[in-house]
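# model this:
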Amino acid sequence: MGGKPLNLPIVGIASTPNGGGYWEVASDGGIFAFGNAGFYGSTGGVPLLKPIVGIAADPNGGGYWEVSSNGVIFPFGSAPYVGSMANRPLNNPVVTMAATATGNGYWMAATDGGIFNFGDASYYGSMGGQSLNKPIVGMAFAGGIP
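This is a model prediction of the structure:
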């Protein structure tokens, strides 16, 4: 979207499973699809309580999830909803997410290193409650099926 006017800044990117395209998401939830990435919907134009902070692609290629800073998940296309932090108190805001290899789960990470897992996403620990020099700003799935 370089050089094009945006309502709000881009806050995340996710590639298609075959690497032939990607989605960019803006903080209002607007989705921009490129290459072989399909458009399956967005929260752009929908009033949100908190801004969108991340996106993860469904590994099946037919959808994606958006996540807001209060941990609410917005699934689109074939991406299943398997839970969220909606209406749960957070010590710090969520800043990113990653999907499992099956597409039947995902993790969210907060700025304090807290991890929230849903569906078939296993919990392996977190830095929540630990002293960090700087806040967490991103995460990635290491691969394989958990």
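
# and for Pro9, nearest residue in space, chain neighbours not counted?
Nearest residue to Pro9, sequence neighbours excluded (C-beta to C-beta, 6 or more residues apart in numbering): Ser27, at 5.9 Å. (C-beta placed from N, C-alpha, C; glycine too.)

# what's near enough to touch that neighbour?
Taking C-beta atoms under 8 Å, 6 or more residues apart in numbering, we find Ser27 in contact with Leu8, Pro9, Val11, Pro51, Ile52, Val53.

# how close does the fifth one sit to Thr96?
In other words, Ile52. Ile52 sits 11 Å away from Thr96 when distances are taken as C-beta to C-beta, to the nearest Å.

# same deal with the first one?
Computed with C-beta to C-beta, the distance linking Leu8 and Thr96 is 17 Å.

# still on that earlier bit, give me the subset of the contacts of Ser27 that lies in strands.
If you go by DSSP state E, the contacts of Ser27 have Val11, Ile52, Val53 in strands.

# now do the same contact list for the first one.
The reference is to Val11. For Val11, the contact set (C-beta under 8 Å, 6+ apart) comprises Val25, Ala26, Ser27, Pro51, Ile52, Val53, Gly54.

# that older thread, of Leu8 and Thr96, which one has the most company?
Neighbours per residue, other C-beta atoms under 10 Å: of Leu8 and Thr96, the larger number sits with Thr96, 21 against 13.

# the more buried one: which element?
Taking DSSP states H and E as the definition, Thr96 sits inside strand 94-99.

# name the residues that touch that strand?
Strand 94-99 has contacts (C-beta under 8 Å, 6+ apart) with 12, 53-59, 65, 67-71, 73, 79, 85, 105-111, 116, 135-141.

# try 7 Å this time
With C-beta atoms under 7 Å, 6 or more residues apart in numbering as the test, strand 94-99 has contacts from 53-54, 56-59, 65, 67, 69-71, 85, 106-111, 136-141.
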